[in-house]
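Participant: Turn this into a model:
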Amino acid sequence: MSFNKLESSNCLFLICPTDHIEIILRQTCSTNAFFYTALGANFRWDIDTQKNLITLIENQKVAQIVFVTKYTNMFYKEILEPEIEPFFHVSETFLQLDKTLPDYLLNQSHPILRTMLLASRHLQTQQKYMLETAILGKVLKHNEVTTQSFVYHPNNQIFYPPKIIENKVLSHGQISLN
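Facilitator: Residues are numbered from 1 along each chain as shown. All right, here's what the predicted structure looks like:
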């Protein structure tokens, strides 16, 4: 995993609780790790939530916020495999993002490609929404809090940043699973 500046600053991870990734993140980083969770990593940015996160960020001197999900997250499977009975219904966000995937990718033989790209784009959208919030986004920018997102591949134990996923999947039509 290559989190920028992670070794020297406290980090707030924004994750889906169904991924059960907290232990992996704590073992991987050498900083204090804090967690904020939402099903499907589909966060709501109401005023109270923004204020509470600002308090945490300031009190704990958080210098980095990282969105992380596993590509195996059950919410992506619900969208990408319609024959699966939905366990939870997460926002229309996933369906909207699914429509942004190119046709050639939708026809790829390996489902991991599509899922990783969907997960990456979802996290990037969540990151963008957070930075555009009226209160929290302003504080993050003013305090120069770094934000990033990663999709975790549990079999390979690799955290993929969006740029690598986009480059490999969209440019080459494939992503190395090793």
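
Participant: mind listing what's buried in the lengthiest helix in the chain?
Facilitator: Longest helix of the chain, by residue count under DSSP state H: helix 111-131. Neighbour-count burial for helix 111-131 flags 112-127, 130 (criterion: 16 or more other Cβ atoms under 10 Å). The way it works is simple: take the backbone N, C-alpha and C, and place the C-beta from them, glycine included.

Participant: Stretch 44-60 too?
Facilitator: Buried, per 16+ other Cβ under 10 Å, within stretch 44-60: 45, 49-50, 53-54, 57.

Participant: Which of those fall within helices?
Facilitator: Filtering the buried residues of stretch 44-60 for helices - DSSP H - leaves 49-50, 53-54, 57.

Participant: Any chance of CSV for those residues, columns pLDDT and distance to Leu136?
Facilitator: As requested, these are arranged in CSV below (pLDDT from 0 to 100; distance: Cβ to Cβ, whole Å):
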residue, pLDDT, distance to Leu136
Thr49, 95, 8
Gln50, 96, 4
Leu53, 97, 6
Ile54, 97, 6
Ile57, 96, 8
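
Participant: residue boundaries of the strands in the chain?
Facilitator: 10-15, 33-37, 62-70, 146-153, 158-160 (DSSP state E).

Participant: Among these, which comes closest to Leu136?
Facilitator: Closest to Leu136 of the strands of the chain, according to Cβ to Cβ: strand 62-70, at 9.7 Å.

Participant: relative orientation of the closest one and strand 10-15 in degrees?
Facilitator: 30 degrees (axes from the mean of the first three to the mean of the last three Cα atoms, to 10 degrees).
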